[in-house]
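Peer 1: here is my input, please return the structure:
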Amino acid sequence: MAGSIGSRIEREVGSWAGVTVAPHRFGGVEFRVGRRELGHLHGSRLADLPFPVSIRKELIAARRADPHHILPESGWVSFRIRGDADADAAIELFRLNYERPWLRR
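Peer 2: Prediction:
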């Protein structure tokens, strides 16, 4: 994955304070802060991230993410990475989960 979109996302998200990077049980890498998973990355093609259902609905309505490819009714979203331009958008989703602004509402 060296030099790939996935490695760029992994380097960025993994550099944030308190974030750990480890193999994910379904392949790829996962990002955690303590016991909480921020999401995981399947190579350079797909990111899956958990959100509260209300935030998930907002992200899908704004076309920032798709329903999760396996659990479409859950709070999880999937973000398909089609090219270099999608790396920043994927990083923004991980940042949104990392900062969790909905807890301050």
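
Peer 1: what's the burial count for the nearest residue to Val33 once chain neighbours are set aside?
Peer 2: Leaving aside its sequence neighbours, Val33 sits nearest to Gly18 (CB to CB, 6 or more residues apart in numbering; 4.8 Å). Any C-beta I mention is one placed from the backbone N, CA and C, and that applies to glycine too. Neighbour count of Gly18, defined by other CB atoms under 10 Å: 9.

Peer 1: for the one 4 residues further on, same thing?
Peer 2: Taking other CB under 10 Å as the criterion, the count of residues near Ala22 is 10.

Peer 1: before we move on, what about the one 10 residues further on?
Peer 2: Taking other CB under 10 Å as the neighbour definition, Arg32 ends up with a count of 15.

Peer 1: do the same with the one 10 residues further on
Peer 2: Residue crowding around His42 was assessed by other CB under 10 Å; the count is 17.

Peer 1: need phi/psi at it.
Peer 2: phi -100, psi 90 (degrees, to the nearest 10).

Peer 1: out of everything not next to it in sequence, what's closest to it?
Peer 2: His42's closest residue in space is Gly28 (CB to CB, 6+ apart), at 4.2 Å.

Peer 1: can I assume that neighbour is in contact with Leu41?
Peer 2: Yes. With contact defined as CB atoms under 8 Å, Gly28 counts as touching Leu41 (5.1 Å).

Peer 1: now the lengthiest helix in the chain: average pLDDT?
Peer 2: Ranked by residue count and defined by DSSP state H, the top helix of the chain is helix 85-99. Across helix 85-99, pLDDT averages out at 95.
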